[in-house]
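Novice: what follows is a predicted protein model with its sequence.
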Amino acid sequence: MNEDELHSAASRGSHAEGLLKDELLSESFAKLEEAYIATWRSTNFDDVAAREKLFIAINVIGKVKEHLGKIAANGGLAKAEVEEMVRAAERKKRFGIF
């Protein structure tokens, strides 16, 4: 990755981390999951299609959280790489290596 891509990934990672820590978003995910599970439990025994849709909906919540977690982790790695690039540039500048 070039430096611009690293900065972009680091920024996206910070944003994703913020979303994962956001109380309102976390509450929304939890409430949705609770509602889906409650609805799933109250389906008729022969309503297979409804249970399958609810199962998918419940799993989508987890997939969204997982995706945000991956973006946050990749952003952390990108941030560390940018910081290392800055330190390397400072060392080169300090020792007169251009």
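Specialist: Cool, the structure landed.
Novice: please make it C-alpha for all contacts and neighbour counts, starting now.
Specialist: Will do.
Novice: return the distance of Glu83 relative to Ala49.
Specialist: Shown here: Glu83 relative to Ala49, a distance of 51 Å by Cα to Cα, to the nearest Å.
Novice: repeat for Asn59
Specialist: Taking Cα to Cα as the measure, Asn59 and Ala49 are separated by 15 Å.
Novice: so who does the residue nearest the centre of the chain touch?
Specialist: Taking Cα atoms, centre = their mean, the centroid of the chain lies closest to Leu68, which sits 1.0 Å from it. Under the criterion of Cα atoms under 8 Å, 6 or more residues apart in numbering, the neighbours of Leu68 are 16-17, 19-20.
Novice: so Asn59 and Ala49 - more neighbours on which side?
Specialist: In terms of neighbours (other Cα atoms under 10 Å), Asn59 is the more surrounded of Asn59 and Ala49; the figures are 13 against 10.
Novice: how much space separates Glu17 from Ser26?
Specialist: Using Cα to Cα, we find Glu17 at a distance of 12 Å from Ser26.
Novice: so for those two, which sits in the more crowded spot?
Specialist: The neighbour comparison of Glu17 against Ser26 (other Cα under 10 Å) goes to Glu17, with 19 against 14.
Novice: with that, I have no additional questions.
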